[in-house]
Each structure stands twice: as structure tokens, then as C-alpha cells.
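K.L.:
What shape does this take:
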Amino acid sequence: MLTAERSIETLFLDAGGVLVWPNWWRIADTLRAHGIDVAPEALAAADPLVRHQLDLLKGMSAVGDQKRASWFFEMILTHLGVPVSSMAESALTTLRDYHAKENLWEFVPEFVKPALAQLRRQGLKLVVVSNANGTLHRAFTRLGLAPLVDVIIDSHEVGVEKPDRQLFDAALDRSGADRSTTIHLGDLYSIDVVGARNAGLTGMLVDQADLYQSVDCSRIRSIAELPSLTR
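P.N.:
Next up is the predicted model:
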């Protein structure tokens, strides 16, 4: 885990799966409006399992974030036994349109804001480094997260996505962070941990459902655990 090898001054934080999750209640309502009845709780339970499946797909890291998002929702439905029918595709189109305007990753678990506040009290600089679609600043402002972090890096605005080291380099430059005292926390090994290492950073993994037991990096179940590891 994190030790006294060097002090940590800056935390790079992924957005989805670390700070925000899809609004499964909005998604369930949209599916229901298109004739598909799936409980939001079932969708939420499938989320970490499908993210893990997606992470293991060969060549997944070379696919653009928006394409991965489409695969993700299709795989969620398949995981729950819902055929990708014309009704499902219509629902997914409605959700994609909403995501393009507002950002569908708009659920903030109750542990996120207290964890961010505690990390800041510990003197850490917090930098969001996310593969996103150009709506991240607006979404984080709407969700009350923007005041709790120091810098927000949206890959759409930079023009490059993780795991490319250029996004991490841009985050280091914009935040004034020191590479040697910065770690990155994300939810996808092939994107976040590999990407962080490409940039000479230490990568940590949020392993929500304890599915990555054999990986060669530190894992936590949620950001709520992080303040006790960075004191």
C-alpha cells in the first residue's frame, strides 16, 4: 500500500467509478418508457461486474471512451438477460443523447464528498483526470463536486485519452504537480493503472466488487478508504 517511501502531495482521480456513477434510476426509467422493466438496483449491481469484463477485453484500451461507454451499456443489458432489441436500442439512443448534453454519470455516493473534504484537509491537491465527453466541468459544478477539487481535466478538451501519457502530462502541467509525489486512482486497470505507469506515476485501483485480486497494484474498495492511507 502507500508507505513512507515518499510523501504524497497530489492525487489524480478518475471520475466514473471513483467519484461518480451512472444514474441507474434515470436509466431504469428510460428503459421502462421503452417497454423494458429492469430495476435500478439490478443495473447498479451489474455495473462493477461488467466494467471488469470490459477491462479484460483485448484491445479495449485502444477504443475511444464514447465507444466503450456504448459497449458498457449494451453489456449491462446482456448481463441482465435483456436482448439488444429495437426497443433497447431506442432507449440507449435516448440515454446517449442525455449523456452528450448533461453527462449520465451523475450519481454521487454519500461517501465521496466527505472523503474529498478529508483529503483536502490533509493538504493534498486533488486533480480529476478523466476520459470524458466535454461535459465534465459542467456536470461537476451541477453535482457540487467542482468546489471540492483543485483541477478538472476532461480528455475531450485536451484531445487525448488515457492510457496515453499525454493526458497525465497535461494534468501535471495544469496542476503544477510533481510527478514523483503524485498517484492516480482509477477503476480500470488497462486504462488507469497502465496509463499512470506510462506517465511514470503510481497507479491505484478502485476495485468495488473485489474482482482484481491478482493485479500488481494497490487496491481499495472506494475512495472512502483513501484518507487513512495518505495521512
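K.L.:
Hmm, G203 and V193 touching each other?
P.N.:
Yes - shown here, V193 and G203 form a contact pair, counting by Cβ atoms under 8 Å, at 3.5 Å. Glycine gets a C-beta too; all of them are placed from N, C-alpha and C.
K.L.:
what touches both of those two?
P.N.:
Both V193 and G203 are contacted by H184, G186, C217, under the criterion Cβ atoms under 8 Å, 6 or more residues apart in numbering.
K.L.:
Just read off the phi/psi values of the first one.
P.N.:
Backbone torsions for H184, taken as degrees, to the nearest 10, come to phi -120, psi 130.
K.L.:
any idea how far it lies from L136?
P.N.:
In this view, H184 and L136 are 16 Å apart by Cβ to Cβ, to the nearest Å.
K.L.:
now do V63
P.N.:
Applying Cβ to Cβ to V63 and L136 gives a distance of 19 Å.
K.L.:
And the helices in this structure?
P.N.:
24-33, 40-56, 65-79, 86-101, 112-121, 136-142, 155-158, 165-175, 194-198, 226-229 (DSSP state H).
K.L.:
give the contact list for the closest residue to T135 other than its chain neighbours.
P.N.:
The shortest distance from T135 to any non-neighbouring residue, by Cβ to Cβ, 6 or more residues apart in numbering, is to N103 (4.2 Å). Each residue near N103 by Cβ under 8 Å, 6+ apart is listed here: A132, N133, T135, L136, R138, A139.
K.L.:
could those residues be laid out in TSV, adding pLDDT and neighbour count?
P.N.:
Below are the contacts of N103 laid out as TSV (pLDDT from 0 to 100; neighbours: other Cβ atoms under 10 Å):
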residue	pLDDT	neighbour count
A132	95	26
N133	95	20
T135	96	19
L136	97	25
R138	97	14
A139	97	22
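K.L.:
out of these, who's nearest A69?
P.N.:
Taking Cβ to Cβ as the measure, A69 lies nearest N133 of the contacts of N103, at 8.3 Å.
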